[in-house]
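Asks: Predicted model and sequence below, questions to follow.
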Amino acid sequence: MKLHIFNPEHDLALAANLKQFTAPHAGRQLRSDLAFIPALWAEEGDLVLVDDIDFAKNRARHFGAELNSKVEFITKSQLKHLLKTEFLDSVHPWGWNLSLKGELERLGMPEIMLPTDAVLNKVREVSSRQWAALHLQRGVEYVTEKARVKELILQHGKAVVKAPWSSSGRGVKYVSAEDFRTAGDYPTFERWVANMIYHQGGVTVEPLYNKVRDFAMEFEMMLPAAKKPEYTEGYEGFLHLDEMGGTVEEAFLRYILRDHDSKKLEEQKRLSLTAADFLNAKYGPDTVTLDIRDSYRNMVQQIEPHRHLVDNAMEAMRRTGVEPVARAIRGGTDGAQLTFRGLLCPNIGTGGYSCHGPYEHITAEHLETSANIVLNIIDENLK
């Protein structure tokens with residue numbers, strides 16, 4: 001039995017490096033609202049620490065009813081009582097820090113279940129932007145002197161200056177050489193740099209690029225998560241991010257929008273347009289452009305007046321020894337394209353497995369059965 005903890009204030013706690021640390025209200029609210037999230041990857045029978053069990057269950061049900069039966073949500077007071085009589089296999093937080101360790105110690109977590117202070121110091125070290133600048137990034141410099149920060153900004157023209165640890169948004173500054181406009185100084189920014197160097201040891205400085213992939217991800221985040229294919233089924237519509245790519249200067253996202261209801265499909269298009277309009281208002285005209293093209297539509301309105309085609313196909317399957325089962329096809333088909341071009345093509349199974357995947361295949365027996373079904377359809381229509 002594992003204990004999962006979502007603590008998104010982790011970076012702030014790393015910066016403070018205190019056993020008793022109180023995150024800002026926004027950080028505490030985020031942790032409370034999204035405490036249920038580990039249920040998405042937790043295993044059967046695991047525990048997930050939350051503030052309010054009913055609230056967590058209500059949030060989790062939007063991601064599938066099975067989540068609430070798969071894991072057990074538990075509050076701090078319940079965990080404190082549980083630790084008096086039972087042992088956990090392991091603890092899995094979003095991130096380890098000194099504050100979380102102190103919090104669990106106060107709840108009675110055995111020392112053997114917690115990382116040592118030496119391990120936490122190493123976690124803090126490799127989580128810092130200083131470590132990343134030294135080992136992972138090119139063109140990024142970790143600076144411990146205010147004068148060197150100014151020198152690098154003047155050299156780059158535009159730069160991003162970051163505190164070693166931050167998740168609040170206040171630890172990142174976008175600065176240009178033009179900002180040093182008053183006698184070569186920028187007092188507000190320089191006080192911030194001095195404060196970061198004093199409290200966290202230094203800052204990182206890197207050139208500012210036009211990272212348009214950030215806009216692409218912001219667009220994706222604005223679309224409703226509950227409409228992703230993995231959270232829908234049957235006749236429910238979805239927005240599927242099928243392909244993405246790009247460079248520093250441009251990025252693209254290619255989506256498949258599907259819904260059996262044409263009005264709901266138009267609503268999906270409207271949501272996409274609204275997201276694009278919002279980002280263009282926020283960042284400037286043509287930051288995001290949309291190209292919406294109709295491809296596959298629900299053929300039911302075309303087929304219904306000619307229902308005998310479906311009936312003939314079902315009868316042909318029965319004559320072949322196959323009992324027909326009618327199910328929604330959640331993807332597009334060539335039959336849909338042909339149907340709207342005047343050649344009515346209700347879909348029948350091919351007998352294949354794992355379609356569109358690396359293991360797509362069909363057995364010789366099923367191929368023969370499919371061929372016989374087609375022959376029987378021809379026979380039915382010749383009567």
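Replies: Sure, I can see it. Residues are numbered from 1 along each chain as shown.
Asks: from here on, contacts and neighbour counts on C-alpha atoms
Replies: Will do.
Asks: Please identify the helix or strand for residue 194.
Replies: Applying DSSP states H and E as the criterion places residue 194 in helix 187-200.
Asks: tell me what that helix is packed against?
Replies: Judged by 3 or more CA pairs under 8 Å, 6 or more residues apart in numbering; DSSP states H and E, helix 187-200 is in contact with helix 146-156, strand 203-207.
Asks: out of the ones you listed, nearest to residue 114?
Replies: strand 203-207 (30.3 Å; CA to CA).
Asks: now for that closest one, which elements pack on it?
Replies: Against strand 203-207 (3+ CA pairs under 8 Å, 6+ apart) you get helix 129-135, strand 141-143, helix 146-156, strand 158-162, helix 187-200.
Asks: next SSE after that strand?
Replies: Criterion used, DSSP H and E; the element after strand 203-207 is helix 212-222.
Asks: what sits up against that following helix?
Replies: 246, 247, 248, 249, 250, 251, 252, 253, 275, 276, 279, 288 (CA atoms under 8 Å, 6 or more residues apart in numbering).
Asks: Please check these and keep the buried ones.
Replies: 251, 252, 253, 275, 276, 279, 288 (16 or more other CA atoms under 10 Å).
Asks: what's the spacing between the helix or strand of the chain with the lowest mean pLDDT and its chain's center?
Replies: Here the helix or strand of the chain ranked lowest by mean pLDDT, DSSP states H and E is helix 212-222, holding a mean of 75. Put simply, helix 212-222 sits 11 Å off its chain's centre (CA atoms, centre = their mean, to the nearest Å).
Asks: Likewise for stretch 51-66?
Replies: Distance, centroid of stretch 51-66 to centroid of chain: 18 Å (CA atoms, centre = their mean).
Asks: what about it, start to end distance?
Replies: 21 Å (CA to CA, to the nearest Å).
Asks: same question, stretch 72-81
Replies: First-to-last residue span, stretch 72-81, CA to CA: 15 Å.
Asks: Give me the buried positions along it.
Replies: Result for stretch 72-81 [16+ other CA under 10 Å]: buried residues 72, 73, 74, 79, 80.
Asks: could you dump those to a markdown table with distance to residue 230 and pLDDT?
Replies: What follows is these, written out as a markdown table (distance: CA to CA, whole Å; pLDDT from 0 to 100):
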| residue | distance to residue 230 | pLDDT |
| --- | --- | --- |
| 72 | 23 | 95 |
| 73 | 23 | 96 |
| 74 | 27 | 96 |
| 79 | 32 | 96 |
| 80 | 36 | 96 |
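Asks: Just send those back as JSON lines, with distance to residue 347 too.
Replies: Compiled in JSON lines, the buried residues of stretch 72-81 are given as follows (distance: CA to CA, whole Å):
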{"residue": "72", "distance to residue 347": "43"}
{"residue": "73", "distance to residue 347": "44"}
{"residue": "74", "distance to residue 347": "48"}
{"residue": "79", "distance to residue 347": "54"}
{"residue": "80", "distance to residue 347": "58"}
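Asks: from those residues, which is closest to residue 1?
Replies: Nearest to residue 1 among the buried residues of stretch 72-81, with distances taken as CA to CA, is residue 72, at 10.2 Å.
Asks: Show me what the closest one is bridged to.
Replies: The bridge-partner assignment for residue 72, based on DSSP bridges, gives residue 47.
Asks: from the chain's centre, how far out does the helix or strand encompassing residue 281 sit?
Replies: Assigned by DSSP H and E, residue 281 belongs to helix 262-283. How far helix 262-283 lies from its chain's middle: 19 Å, per CA atoms, centre = their mean.
Asks: The nearest residue to residue 51 once chain neighbours are set aside and residue 378, how far apart?
Replies: Excluding its sequence neighbours, the residue lying closest to residue 51 (CA to CA, 6 or more residues apart in numbering) is residue 75, at 5.5 Å. Separation of residue 75 from residue 378 (CA to CA): 65 Å.
Asks: same thing with residue 198?
Replies: Remark: distance between residue 198 and residue 378 (CA to CA) = 83 Å.
Asks: Which one's more surrounded, those two?
Replies: residue 378 (14 against 11; other CA atoms under 10 Å).
Asks: can I assume the more buried one sits in a helix?
Replies: Yes - assessed by DSSP: H, G, I helix; E, B strand; the rest coil, residue 378 belongs to a helix.
Asks: Run a quick neighbour tally on the closest residue to residue 260 other than its chain neighbours.
Replies: Distances taken as CA to CA, 6+ apart place residue 298 nearest to residue 260, at 5.4 Å, with adjacent residues excluded. A count of nearby residues for residue 298, using other CA under 10 Å, gives 20.
Asks: before we move on, the earlier item: export the helices and strands packed on strand 203-207 to a markdown table and tack on mean pLDDT and distance to residue 13?
Replies: Shown next, in a markdown table, are the helices and strands packed on strand 203-207 (pLDDT from 0 to 100; distance: least, CA to CA, whole Å):
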| stretch | mean pLDDT | distance to residue 13 |
| --- | --- | --- |
| helix 129-135 | 89 | 15 |
| strand 141-143 | 94 | 21 |
| helix 146-156 | 91 | 25 |
| strand 158-162 | 90 | 16 |
| helix 187-200 | 89 | 12 |
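Asks: on that earlier part again, what does the helix holding residue 194 rub up against?
Replies: Outside of helix 187-200, the residues within contact range by CA under 8 Å, 6+ apart are 15, 144, 145, 146, 163, 164, 202, 203.
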